[in-house]
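Visitor: here are the coordinates; sequence isn't available:
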């Protein structure tokens, strides 16, 4: 091997050096660094002939690149204990600590729907990272209307040879979406045997995973055929399965005084557990009723209500209570109930946090959602001996995912004034105007009921077929390739919901006429709709009593009002492409290579939500309209690589890479992107690389065509909620006063937010610029010392015209802080007039181009290898430092640098040491997520002695260890992940989504210590 090739291969092996899983490229490996190779073996120079590296389409005989490329082999993911490619790609080693959508996000609205797993490099989200399979796009897959990114669950783990990760923009090479980077999955070739494999990851019985697979292939003189089949299953991990998720508290700690200020139940004296949400004590109420306000017990003048003591004399005057929970020990006033919430004369809330918000069934909620995934992959080739020695080839990928999530539902059941279902001691109450269940009648009493668990299920079937032809072009030394691929994702998604029309009918009861079916009668009453003939099977609602309030509900009524509903999603993508590549002309330093091609893509989405969702009949859930649309694009591209200098003084190599792409979308028109890269090697031990380019992202189909979807924000988002407590000199106060006229106004309804696609509003593509610069240092050391390589790369990505939704909260703030208010248009045009009945608000929030995002930082990588005794010692270390993670929603907004705040660590890193000898290999690895602190970002003073919020966390480490033994035809690998069972840190409620008391963040391990074992046998 030449000195030049050796230096370049060493440099690019280092490019793959990142984090935890040993990143040296299998392609770049020589016999000197392969512990399984013979001491006398010659370097395999054919292994690097005509490589195509991610980030370029040019064939080359070296593994150099002007952009940093990370290479991960299947063997390395196995030794790190990952049971699937999804787990490896979402690990800190690849993501650099940026948060990913994983299996802990099942209860949230995410791209691809529940159960989908995606990857977003550089913290810029999955829509800005392109995923390829053998250099060709992996189409989006998932459920619901927000399908827009590749689901990593579809990848054929058993068939994968290596993964190439380009963390740099590459739209000029690959087209849309390659803003933050590209992940290219390379499958195994030349398979002529059969390998059976099984792996089990044991996490204590809950959250366990296992995978079984078979890989095989056959070949002849002119053909080859190979493929894989595998089954993967992940068991559910619930909130009750881990100590740190069993009791979600407000986590208020005054560290200056060493005092914990969490709420304590006045009856039991125990800390109060709250629903597992970001809001802690402001979570949903259960086992509680809402009534009209009372200042004294009827018939007992001079007494007032206090929490836990109803009708106690001597209480402060002016307390208004309208929240009560059953308490059989209360024998005066409102017998059987204790007051747990209300307001004082100054409108300040009292005792809201002693209401019930927690019960044991909440612990059945999914922490890690279960899934069952079946994947098949088949590939083949045939030498047609024509058309320029052409080879016909095909690939077929099939995948089926079944995933489930267990949640918890509260039911706010409204009993109308005068309803015979209300007990006589509450007949006086008038809680609120009709909220939608009482056909225009005022609500007498609202029951806040802990209904129990609900289940959501998804089944997603994904197919991708590719066929093509490649061979010698009619120009000498040129080659051609033409491919056609089609992908299709079909999904059924089912979830349980209350049906509004059935609740309305069941709450409207009358005395049952003689002869009424007993199954439709409760306590002498039946549904009025049964009597009128409007329905024939309505089950009357239960009487309002302690059992009902406590969630002990009749089974027949539950089955009538709470039912499964199903929607379907179909996503299709077709890609036709052709390119030619070869030498253009000669320069003194070598041949100028070029690639020129064309591509056509078309995609469509058709999401049909459940009929009851479309009609708005899902009680207290979002409504959704169908998402239907399509888009297509024609592209032409070219790439040229110019060797400028070679083996010259102070220039062992100087090579430039130029690429450009013309894009013409049906949806928004034409654009041009480009990229310029440079590799400079002044000496054998030092190389520099840099690149600059432009990228773009066409809006995803759901961003263009999403049907109107209705959701709700907390009532506290209303800018006029309790505005009387604010500064009367502010613009917001004046606007609220002009609109409402009552400083005591308190919003009792959630803010309705209607989101939709932005195609009709002229949504455009995002644009971005990408810059990277790096240095690679590989000193020539004595063989007795070993081999050392160090790489440092700076990156800077800026996204402009970003596609986003402004957000209902931001729209309301800008509207009510506008001096011209509704007369001025602006953001107020997106806020409907208040509902005159209850003062509720509706906001319209569609996708638009407003945001600017910027991320820059430095990647540090080091690798050292040395022969030690009978084997080879390999040390790897990688650190990602984020200098800036800035987001700016509007041009006049101040830039917000999130670096170092919660879920945006400044530093993350990994290190591992492995030793291989004979048939053994041992490995020890560490993953590190740096400390984070959002205290000042949230406007809090960390020096305040009265501060009892905790929004800072310490460094977090996970230790992993494994051992592997290889015989002639079988291999066993075993080890432990999270060796010391590190649990996620705790933060206070009120600002971030939490799991238990921990941040919702993929960088933390929710499973805990996990033992794994993998057995494989080759025949």
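Guide: Ah, there it is. Note that the structure is predicted; figures quoted are calculated from it, not measured. Numbering: from 1, shown residues only.
Visitor: Please confirm that residue 579 is located within a strand.
Guide: Yes - applying DSSP: H, G, I helix; E, B strand; the rest coil, one finds residue 579 inside a strand.
Visitor: wouldn't it be in contact with residue 481 here?
Guide: Yes - counting by CB atoms under 8 Å, residue 481 is a contact partner of residue 579 at 6.0 Å. In short, each C-beta sits where N, CA and C put it, glycine included.
Visitor: helix, strand or coil for the closest residue to residue 373 other than its chain neighbours?
Guide: Among residues not flanking residue 373 along the chain, residue 232 sits closest, at 4.4 Å (CB to CB, 6 or more residues apart in numbering). Assigned by three-state DSSP, the conformation of residue 232 is strand.
Visitor: contacting residues for residue 232?
Guide: By CB atoms under 8 Å, 6 or more residues apart in numbering, the contact set of residue 232 is 83-84, 157, 209-211, 371-375.
Visitor: what's the answer for residue 926, then?
Guide: Contacts for residue 926 were tallied using CB under 8 Å, 6+ apart; they are 20, 910-912, 957-960.
Visitor: Would you write a ChimeraX line that selects the buried entries of those?
Guide: The buried residues among the contacts of residue 926 can be selected in ChimeraX (16 or more other CB atoms under 10 Å) with this line:
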select :20,910,911,912,958,959,960
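Visitor: related to what we said a few turns ago, could you identify which of the contacts of residue 232 has the most neighbours?
Guide: Most neighbours among the contacts of residue 232, by other CB atoms under 10 Å: residue 157, with 27 neighbours.
Visitor: From residue 955, how far out is it?
Guide: Residue 157 is 31 Å from residue 955, where distance means CB to CB, to the nearest Å.
Visitor: One more: residue 540?
Guide: Distance of residue 540 to residue 955, given as CB to CB: 58 Å.
Visitor: follow-up on the earlier one: from the contacts of residue 926, which land in strands?
Guide: With DSSP state E as the criterion, strands contain 910-912, 957-960 from among the contacts of residue 926.
Visitor: Turn those residues into JSON lines, including pLDDT and distance to residue 622.
Guide: Formatted as JSON lines, the ones in strands among the contacts of residue 926 follow (pLDDT from 0 to 100; distance: CB to CB, whole Å):
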{"residue": "910", "pLDDT": "95", "distance to residue 622": "39"}
{"residue": "911", "pLDDT": "95", "distance to residue 622": "45"}
{"residue": "912", "pLDDT": "95", "distance to residue 622": "45"}
{"residue": "957", "pLDDT": "97", "distance to residue 622": "40"}
{"residue": "958", "pLDDT": "96", "distance to residue 622": "36"}
{"residue": "959", "pLDDT": "97", "distance to residue 622": "42"}
{"residue": "960", "pLDDT": "97", "distance to residue 622": "40"}
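Visitor: Taking the contacts of residue 926 together, which two end up most distant?
Guide: Across those, the longest distance by CB to CB is 13.1 Å; it joins 912 and 957.
Visitor: didn't residue 366 look like it was pressed against residue 236?
Guide: Yes - under the criterion of CB under 8 Å, residue 366 makes contact with residue 236 at 5.8 Å.
Visitor: any shared contact partners between the two?
Guide: 404, 406.
Visitor: need the helices for the stretch 751-900 of the chain, in chain order.
Guide: Per DSSP state H, counting those that start in this stretch, the stretch 751-900 of the chain carries helices over the ranges 808-816.
Visitor: Give me the below-cutoff pLDDT ranges for it.
Guide: Scanning the stretch 751-900 of the chain for pLDDT under 70 picks out no residues.
Visitor: Poorly predicted segments of the chain, please.
Guide: Low-confidence segments of the chain (pLDDT under 70): 1-51, 60-64, 106-107, 263-271, 275-284, 294-321, 331-333, 340-355.
Visitor: on that earlier part again, save the contacts of residue 926 as a markdown table, and put in distance to residue 397 too.
Guide: As requested, these are exported to a markdown table (distance: CB to CB, whole Å):
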| residue | distance to residue 397 |
| --- | --- |
| 20 | 27 |
| 910 | 30 |
| 911 | 35 |
| 912 | 31 |
| 957 | 37 |
| 958 | 32 |
| 959 | 35 |
| 960 | 30 |
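Visitor: Of the contacts of residue 926, which is the nearest to residue 859?
Guide: Nearest to residue 859 among those, with distances taken as CB to CB, is residue 910, at 11.8 Å.
Visitor: Can you spell out which residues form a bridge with that closest one?
Guide: Counting by DSSP bridges, residue 910 is bridged to residue 878, residue 927.
Visitor: Against residue 617, how distant is it?
Guide: 50 Å.
Visitor: one step back: among the contacts of residue 232, which are located in strands?
Guide: Those of those lying in strands (DSSP E): 209-211, 371-375.
Visitor: Those into TSV, with extra columns for distance to residue 842?
Guide: Listed next are those as TSV, based on distance: CB to CB, whole Å:
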residue	distance to residue 842
209	44
210	48
211	47
371	36
372	40
373	40
374	43
375	44
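Visitor: Can you tell me which of those residues is nearest residue 551?
Guide: Out of the ones in strands among the contacts of residue 232, the member with the shortest distance to residue 551 (by CB to CB) is residue 371, at 29.2 Å.
Visitor: The closest residue to that closest one other than its chain neighbours pairs with what?
Guide: Among residues not flanking residue 371 along the chain, residue 403 sits closest, at 4.2 Å (CB to CB, 6+ apart). On the basis of DSSP bridges, residue 403 is bridged to residue 371, residue 458.
Visitor: thought residue 403 was touching residue 113?
Guide: No - contact status for residue 403 versus residue 113: not in contact, 9.2 Å apart, counting by CB under 8 Å.
Visitor: what do these two both touch?
Guide: Residues touching both residue 403 and residue 113 comprise residue 458, with contact defined as CB under 8 Å, 6+ apart.
Visitor: now the contacts of residue 232 in TSV, with distance to residue 764?
Guide: Shown next, in TSV, are these (distance: CB to CB, whole Å):
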residue	distance to residue 764
83	41
84	37
157	38
209	42
210	46
211	43
371	37
372	41
373	37
374	40
375	37
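Visitor: out of the residues you listed, who's nearest residue 839?
Guide: Nearest to residue 839 out of these is residue 371 (CB to CB; 43.4 Å).
Visitor: Next one: that closest one relative to residue 190, how far apart?
Guide: 32 Å.
Visitor: Kindly report the same for residue 687.
Guide: Counting by CB to CB, the gap between residue 687 and residue 190 amounts to 32 Å.
Visitor: which one of the two has more residues nearby?
Guide: Under the criterion of other CB under 10 Å, the comparison of residue 687 against residue 190 puts residue 687 first, with 25 against 8.
Visitor: Confirm for me that residue 111 is in contact with residue 117.
Guide: No - counting by CB under 8 Å, residue 111 does not reach residue 117; the two are 10.5 Å apart.
Visitor: Can you pull the residues that touch both of those two?
Guide: Joint contacts of residue 111 and residue 117 (CB under 8 Å, 6+ apart) are residue 101.
Visitor: ok, back up a step: so between residue 540 and residue 955, which is more surrounded?
Guide: A direct count of neighbours by other CB under 10 Å for residue 540 and residue 955 places residue 540 higher, at 27 against 12.
Visitor: Ramachandran angles for the more buried one?
Guide: Dihedral pair for residue 540: phi -60, psi 150, per degrees, to the nearest 10.
Visitor: I'd like the distance from it to residue 409, if you could.
Guide: According to CB to CB, residue 540 stands 21 Å off from residue 409.
Visitor: Repeat that for residue 938.
Guide: Applying CB to CB, the value for residue 938 to residue 409 is 30 Å.
Visitor: quick one, which of the two is more surrounded?
Guide: Remark: of residue 938 and residue 409, residue 409 carries more neighbours, 18 against 15, as counted by other CB under 10 Å.
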